[in-house]
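Chemist: fold the following, please.
(chains A and B)
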Amino acid sequence: MELQGQWWKGQLAGDIYHALRCKELMLPVYKGQSPQLSLRRYFADLIAIVSNRFRLCPAARHLAVYLLDLFMDRYDISVHQLHMVALSCLLLASKFEDREDRVPKLETLNSLGCMSSMNLELTKQGLLHMELLLLETFHWNLYLPTAAHFIEYYLSIAVSETDLHDGWPMVCLEKSVLYMTKYADYFLEVSLQDHAFLRFAPSLVAAACVASSRVILRLSPTWPPRLQHLTGYTWEQLLPGVERLLM
Amino acid sequence: GEVCSPTLVSFMCCKFQRIDVSKQMSLPMDIRLPPEILKKLQMQSPEPCKPLSRMSRRASLSDIGFGKLETYVKLGKLGEGTYATVFKGRSKLTENLVALKEIRLEHEEGAPCTAIREVSLLKNLKHANIVTLHDIIHTDRCLTLVFEYLDSDLKQYLDNCRNIMSMSNVKVFMFQLLRGLAGELKLADFGLARAKSVPTKTYSNEVVTLWYRPPDVLLGSTEYSTPIDMWGVGCILYEMATGRPLFPGSTVKEELHLIFRLMGTPTEETCPGITANEEFRSYLFPQYRAQALINHVPRLDTEGIDLLTTLLLYDTRKRISAEASLRHAYFLSLGEDIHSIPDTASVFSLKDIQLQKDPGHRSSFDCFFPNSGRGKNRRQSVF
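Modeler: Below you'll find the model as predicted:
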């Protein structure tokens, strides 16, 4: 993500975070009732692979999977169509979240090895129809916060000099910050693979990713007051999410 | 490519209200619908509960004409660009005037970024000072956004009153503009990480005028921040109070020159970091001293001059925010109640807030100067 996009460092960070938490309370209901639920993991992975190939931002990837989840929850879709739906979700999310010049071009997308091996081709017309169908389903509102939207804000205070490592003062703060970022990214991707995380609020999933990283990095206290204060979540509230991530 | 950013959107969406209308986001309040259909609409839950119920919901909305091109009659073209054409139109459903923004799709891969972001943004905003999106229609060739029709923007308003506005109206319009900017608008495009850059084209792809751009942007800053809008607000305050644009430059160099001549050439004190700015150094501007603004805007009172001064600060960290300016002493005379009206209500819902007749208004002016045509068609507008 480019420098200008780092809202969590700016003057408005508190206001923006508050607005995201409010938006989160109004997210559509997810019921987990898709007849194709067993295929969900496969398509979430497809979105992750393609978005990595095009180096899309995590928020685009998470929004794409979320759009797919909500769409599958509402419609009975054939497996072949699901491929088109998943790719359209990715392009739509990328158009909303990424820089315009980062949005994958159809020609490049269709030339990917995985596309030809699956005998897939997304046409201009096909994409337009699918995107309009998606937009209509979501009432044209793609302002849907995901865990990826919250995590950077939490990461800004995820490690501090006052933290202990294995009970001892930290040797190198910079290294711990670096590892924290890597683990948090890892857990964020883990949370994408399992639709069970849709039970939790996106901000809770983000907080649980930070908490799980602190567990793995053996930082204590595991959930210090500053993180509880910023996220508004207690350790007890995070525990079900953390356990699922560490499973 | 085109960029969509809050600067563009805020200037596009902020509107001035002249009449007391309370608005609803989705359906116009005076919509003429048979009671049984209204009832049916209210019964519709916003989210379909079961798979495959979308078709039935869609059918009921389109039964009454939403989402259909034939519901709207085109009356005339308002503007054209490579991305979109805007028409004046009329809704057969409500008989109201609408603005139809047609976005061409043939050169796009799917739905255009700009349209997706613009509509998402508007769907998230409910504010009396932000333009209302009534309907979205799509065909294979184009996407049409149906907006409420704004009968007058600031440019037309100033033309209409021959550039002489009543100072009490200036205050009310200023307050409405700041209300729009202080609300959710400033946050709407921020929470989600994305490209944020200062736009150089308007929605109809015309080059954005330089007149309302702050020096930090003219000197190469591409980072979007809310103080960018506030500089433009200062320029508009001046323009309403004097009837002329503040810094009508036609090139970046001329624009900067006009700014520096009035506000003083920036120094490390007034604009930290400026001496290290390569672009600034390469221009080799003379060392102008700041002029007293009161000599240039004599009709503005002391508080107004103070607000204008804090809007036109070089240092973006010191430039006043939209929220803080709503609380500025300049607006004290509007009363305390104006701060507690809900976002969705107009300031004219307060009985104390009324517009005065502008001294230069055409009908009264024409009696005295029937052949005067000054000030017409001169002004570029950001709206």
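Chemist: please name the nearest non-neighbouring residue to B:Leu258.
Modeler: The shortest distance from B:Leu258 to any residue other than its chain neighbours is 4.3 Å, reached at B:Phe247 (Cβ to Cβ, 6 or more residues apart in numbering or on different chains). For the C-beta atoms, the positions are set from N, CA and C on the backbone; glycine is no exception.
Chemist: give the contact list for that neighbour.
Modeler: Going by Cβ atoms under 8 Å, 6 or more residues apart in numbering or on different chains, B:Phe247 touches B:Leu210, B:Trp211, B:Cys235, B:Glu255, B:Leu258, B:Ile259, B:Leu262.
Chemist: now the one helix or strand A:Lys95 maps to: average pLDDT?
Modeler: For A:Lys95, the element it lies in under DSSP states H and E is helix A:79-97. The average pLDDT within helix A:79-97 is 94.
Chemist: in the helix or strand just after it, which residues are buried?
Modeler: Once helix A:79-97 ends, the next helix or strand along the chain (criterion: DSSP H and E) is helix A:106-110. For helix A:106-110, the neighbour count (16 or more other Cβ atoms under 10 Å in any protein chain shown) marks A:Leu106, A:Leu109 as buried.
Chemist: and the next helix or strand past helix A:106-110?
Modeler: Using DSSP H and E, the first helix or strand after helix A:106-110 is helix A:113-117.
Chemist: which SS class is B:Gly76?
Modeler: Three-state call for B:Gly76 (DSSP: H, G, I helix; E, B strand; the rest coil): strand.
Chemist: then the one 10 residues further on?
Modeler: Three-state secondary structure (criterion: three-state DSSP) places B:Val86 in strand.
Chemist: which residues does it bridge with?
Modeler: B:Val86 has these beta-bridge partners by DSSP bridges: B:Gly79, B:Lys101.
Chemist: which ones are touching it?
Modeler: Each residue near B:Val86 by Cβ under 8 Å, 6+ apart is listed here: B:Lys77, B:Leu78, B:Gly79, B:Glu80, B:Ala99, B:Leu100, B:Lys101, B:Glu102, B:Tyr203, B:Ser204.
Chemist: what's the answer for A:Leu245, then?
Modeler: A:Phe187, A:Val190, A:Ser191, A:Ala208, A:Cys209, A:Ser212.
Chemist: and the helix or strand harbouring B:Asp135, what does it pack against?
Modeler: Taking DSSP H and E as the criterion, B:Asp135 maps to strand B:133-138. Strand B:133-138 is packed against helix B:113-123, strand B:142-148, with contacts defined by 3 or more Cβ pairs under 8 Å, 6 or more residues apart in numbering or on different chains; DSSP states H and E.
Chemist: distance of A:Asp69 relative to chain B?
Modeler: 13 Å (Cβ to the nearest Cβ, to the nearest Å).
Chemist: OK, contacts around that residue?
Modeler: With the criterion set at Cβ under 8 Å, 6+ apart, A:Asp69 makes contact with A:Tyr30, A:Arg40, A:His195, A:Leu198.
Chemist: A:Ala86 too?
Modeler: So A:Ala86 contacts A:Phe43, A:Leu46, A:Ile47, A:Ala64, A:Leu68 (Cβ under 8 Å, 6+ apart).
Chemist: which one of the residues you listed sits closest to B:Glu279?
Modeler: For the contacts of A:Ala86, the closest approach to B:Glu279 (Cβ to Cβ) belongs to A:Ala64, at 39.1 Å.
Chemist: run me through the strand neighbours of the strand holding B:Asp135, direction for each.
Modeler: Strand B:133-138 is paired, per DSSP bridges, with strand B:142-148 (antiparallel).
Chemist: pull the CA atoms of the helix or strand following the strand it pairs with into PDB?
Modeler: Per DSSP H and E, the first helix or strand lying C-terminal to strand B:142-148 is helix B:154-160. What follows is helix B:154-160, C-alpha atoms only, in PDB (Å, rounded to 0.1, in the frame of the first residue of the first chain):
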ATOM      1  CA  LEU B 154     -23.000  29.300  -6.600                       C
ATOM      2  CA  LYS B 155     -21.800  30.500 -10.000                       C
ATOM      3  CA  GLN B 156     -25.300  30.900 -11.300                       C
ATOM      4  CA  TYR B 157     -26.400  32.500  -8.000                       C
ATOM      5  CA  LEU B 158     -23.700  35.100  -8.200                       C
ATOM      6  CA  ASP B 159     -24.400  35.800 -11.900                       C
ATOM      7  CA  ASN B 160     -28.100  36.200 -11.000                       C
END
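Chemist: list the buried residues of helix B:154-160.
Modeler: Neighbour-count burial for helix B:154-160, counted by 16+ other Cβ under 10 Å, picks out B:Leu154, B:Lys155, B:Tyr157, B:Leu158, B:Asp159, B:Asn160.
Chemist: export those residues as TSV, with columns for distance to A:Cys89.
Modeler: Shown next, in TSV, are these (distance: Cβ to Cβ, whole Å):
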residue	distance to A:Cys89
B:Leu154	41
B:Lys155	41
B:Tyr157	44
B:Leu158	46
B:Asp159	47
B:Asn160	48
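Chemist: of all these, which two lie farthest apart?
Modeler: B:Leu154 and B:Asn160 (10.5 Å).
Chemist: give me the phi and psi angles of the residue sitting furthest away from the middle of chain A.
Modeler: Here the centre of chain A is the reference, and by Cα atoms, centre = their mean the most remote residue is A:Trp168, at 33.2 Å. Main-chain torsions, A:Trp168, degrees, to the nearest 10: phi -110, psi 150.
Chemist: and it, bridged to which residues?
Modeler: A:His165.
Chemist: tell me the pLDDT at it?
Modeler: 93.
Chemist: again with A:Pro221
Modeler: Per-residue pLDDT puts A:Pro221 at 95.
Chemist: what does the one 10 residues further on give?
Modeler: What the model reports for A:Thr231 is a pLDDT of 96.
Chemist: need the contact partners of stretch B:313-331.
Modeler: With Cβ under 8 Å, 6+ apart as the test, stretch B:313-331 has contacts from B:171, B:174-175, B:178-179, B:181-182, B:186, B:214-216, B:225-231, B:233, B:263, B:266, B:270-272, B:274, B:301, B:303-304, B:306-307, B:310-312, B:338-339.
Chemist: can you show me the helices along chain A?
Modeler: Along chain A, counting by DSSP state H, helices occupy A:13-24, A:40-53, A:58-74, A:79-97, A:106-110, A:113-117, A:124-137, A:147-155, A:173-193, A:202-216, A:225-231, A:235-246.
Chemist: so can I have TSV of the ones you listed showing distance to B:Val119?
Modeler: Formatted as TSV, these follow (distance: least, Cβ to Cβ, whole Å):
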stretch	distance to B:Val119
helix A:13-24	16
helix A:40-53	23
helix A:58-74	15
helix A:79-97	11
helix A:106-110	22
helix A:113-117	29
helix A:124-137	8
helix A:147-155	19
helix A:173-193	26
helix A:202-216	22
helix A:225-231	31
helix A:235-246	33
